[in-house]
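Sequence first, predicted model second:
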Amino acid sequence: MINRPIYVKKIMAFADMPFVKILTGIRRCGKSTILKMLMDEMKKRGIGDDQILHYSFDSLEYEDIKTAKALFSYLTQHLFSGGKTYLFLDEIQEVKSWEKVLNSLMTDYDVDIYVTGSNSRMMSSEISTYLTGRYISFRIFPLSFSEYLTFRKEYTDVLDSHTELANYVRLGGFPAVHLQKYTPDEVYTIVKDIYNSTIFTDIVRRNQIRKIDQLERIVKFAFDNVGRTFSAASISKYLKSENRSIDNETVYNYLSKLESAYILYRCSRFDVQGKEILKTQEKFYLADPALRYSVLGYSPDSVAAMLENVIYLELQRRGYDVFVGKMDSAEIDFIAVRQENKLYIQVAQEIGLPETEKREYGRLLDIRDNYPKYVLRTDVFAGGNYEGIKTMHIADFLLSNEY
């Protein structure tokens, strides 16, 4: 088990506090393993084994525990009688009305609760209804570039970070594909299985979707248009061109379900001059680059979009709210906001022509404030600063602690 200390530190900061700690994220991103890391950390802090209870509700062992009443009865029978019980409940969404159970336990018993979940039940309004002010949610992502390098070091020689970035973009960050050395085809086989189980378990079966072909076409459109603004109307128009009629509301409904399963992330546009969030022409990014390649196949011309995807995910990991910037007819790849901090970022695989350089830097120069501005790229460049705009290799930015 390779440690992921960033998450452990972040979550343990709330240990013994009166909040349910909820770990959410796409299937196989490492939630269950992080739960075990938290248990190990508890033991290091002197918590006894008899105070720690761990249950995984996607296991056949607990198949009969599907209702709130059954869960409450089972857990209360096993609580530690001599002090606080630390409850670790994996894939809790498999139990109906689990929120009511946790609320009751928090009210009537001496417990510290940690749970994981992978689908829309972990995003529903019911959590807020029954756990109002009593929970903290932690989004777990597949491996960051830094974590990817740590995993790789366990089983192979790691190349320089600039070279490894290309491997990271191509292979993605699902922990399961970095426990040993796999070929790209083997990686995509594993990731396609994650994709299929998410689509058919968390979306199709849970929402009783009958037009599976329609859903998959929307998925492929979204995957193929990462980094491009599009709307439900544009998807509907595309499907109609393939003689597949679908209305805009149904498209939005499918996109929302893909978000709820943590496959897609919606990135809204922000009008820099008007200082408002725009409700049209959003972008969508993937939970992991390998999802695209496992479904659509690898192609070198997709790398630029996937580099942008990687930057988006890293900003999310670091707690930023991320938007696409709009200035008149120009677009800024990312505006990232975290409390009083703000970053402006342009992402480019390479800048070969003077007019391309002028465009990438000029958009940032048009923003008249003093917040940090970056142009991130993967080609060779001279100097690291251009009229106050910092130029960095994408790999260096991903590994940096300066933002």
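Received the coordinates, thanks.

alpha carbons only for contacts and neighbour counts from here, please
Will do.

low-scoring stretches of the stretch 201-350 of the chain, by residue?
Low-confidence segments of the stretch 201-350 of the chain, defined by pLDDT under 70, are absent.

switch the cut-off to 80
273-275, 279-280 (pLDDT under 80).

in it, which spans are strands?
264-271, 276-286, 321-327, 330-338, 341-348 (DSSP state E, counting those that start in this stretch).

before we move on, what about the stretch 51-200 of the chain?
Counting by DSSP E, counting those that start in this stretch, the strands of the stretch 51-200 of the chain are 52-56, 85-90, 111-117, 135-139.

Walk me through which strands the last one pairs with, and which way each runs.
Take DSSP bridges as the rule and strand 135-139 pairs in its sheet with strand 20-24 (parallel).

contacts for the following helix or strand past the partner strand?
Downstream of strand 20-24, the next assigned helix or strand under DSSP states H and E is helix 31-44. By C-alpha atoms under 8 Å, 6 or more residues apart in numbering, the surrounding residues in contact with helix 31-44 are 1, 3-4, 7-8, 12, 23-25, 49, 52, 88, 90, 114, 116, 140.

Mind telling me the two of those farthest from one another?
Gly25 and Asp49 (27.5 Å; C-alpha to C-alpha).

Looking at those two, which is more packed in?
Remark: of Gly25 and Asp49, Gly25 carries more neighbours, 23 against 13, as counted by other C-alpha atoms under 10 Å.

For that one, report the pLDDT, please.
pLDDT for Gly25: 94.

What of the one 5 residues further on?
Model confidence at Gly30, given as pLDDT, is 96.

before we move on, back to that, now the strands of the stretch 51-200 of the chain as JSON lines including mean pLDDT and distance to Ser260?
Supplementary listing: the strands of the stretch 51-200 of the chain in JSON lines, determined by pLDDT from 0 to 100; distance: least, C-alpha to C-alpha, whole Å:
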{"stretch": "strand 52-56", "mean pLDDT": "97", "distance to Ser260": "21"}
{"stretch": "strand 85-90", "mean pLDDT": "98", "distance to Ser260": "18"}
{"stretch": "strand 111-117", "mean pLDDT": "96", "distance to Ser260": "11"}
{"stretch": "strand 135-139", "mean pLDDT": "94", "distance to Ser260": "12"}
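
Identify the residue spatially nearest to the residue nearest the centre of the chain, adjacent ones excluded.
Note on the chain: the residue nearest the mean C-alpha position is Phe141, at 4.3 Å, using C-alpha atoms, centre = their mean. Distances taken as C-alpha to C-alpha, 6 or more residues apart in numbering place Cys29 nearest to Phe141, at 5.8 Å, with adjacent residues excluded.

still on that earlier bit, would JSON lines of the strands of the stretch 201-350 of the chain with distance to Ile212 and mean neighbour count be doable?
Listed next are the strands of the stretch 201-350 of the chain as JSON lines, based on distance: least, C-alpha to C-alpha, whole Å; neighbours: other C-alpha atoms under 10 Å:
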{"stretch": "strand 264-271", "distance to Ile212": "17", "mean neighbour count": "20"}
{"stretch": "strand 276-286", "distance to Ile212": "20", "mean neighbour count": "17"}
{"stretch": "strand 321-327", "distance to Ile212": "31", "mean neighbour count": "22"}
{"stretch": "strand 330-338", "distance to Ile212": "33", "mean neighbour count": "19"}
{"stretch": "strand 341-348", "distance to Ile212": "35", "mean neighbour count": "20"}
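
Make a markdown table from these and add distance to Ala304 to it.
Listed next are the strands of the stretch 201-350 of the chain as a markdown table, based on distance: least, C-alpha to C-alpha, whole Å:
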| stretch | distance to Ala304 |
| --- | --- |
| strand 264-271 | 17 |
| strand 276-286 | 13 |
| strand 321-327 | 16 |
| strand 330-338 | 12 |
| strand 341-348 | 7 |
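
coming back round to it: got the strands of the stretch 51-200 of the chain as TSV, with distance to Arg359 and mean neighbour count columns?
Shown next, in TSV, are the strands of the stretch 51-200 of the chain (distance: least, C-alpha to C-alpha, whole Å; neighbours: other C-alpha under 10 Å):
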stretch	distance to Arg359	mean neighbour count
strand 52-56	52	17
strand 85-90	48	22
strand 111-117	43	24
strand 135-139	35	17
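
domain parsing for the chain?
Using automatic domain parsing, the domain parsing of the chain gives 5-139, 143-403.

Could you tell me the end-to-end distance of the longest one?
If I follow you right, that is domain 143-403. 19 Å (C-alpha to C-alpha, to the nearest Å).

chain center to it, what's the gap?
11 Å (C-alpha atoms, centre = their mean, to the nearest Å).

on that earlier part again, my understanding was that the residue nearest to the centre of the chain contacts Arg318; is that so?
No - if you go by C-alpha atoms under 8 Å, Phe141 and Arg318 don't touch, sitting 10.8 Å apart.
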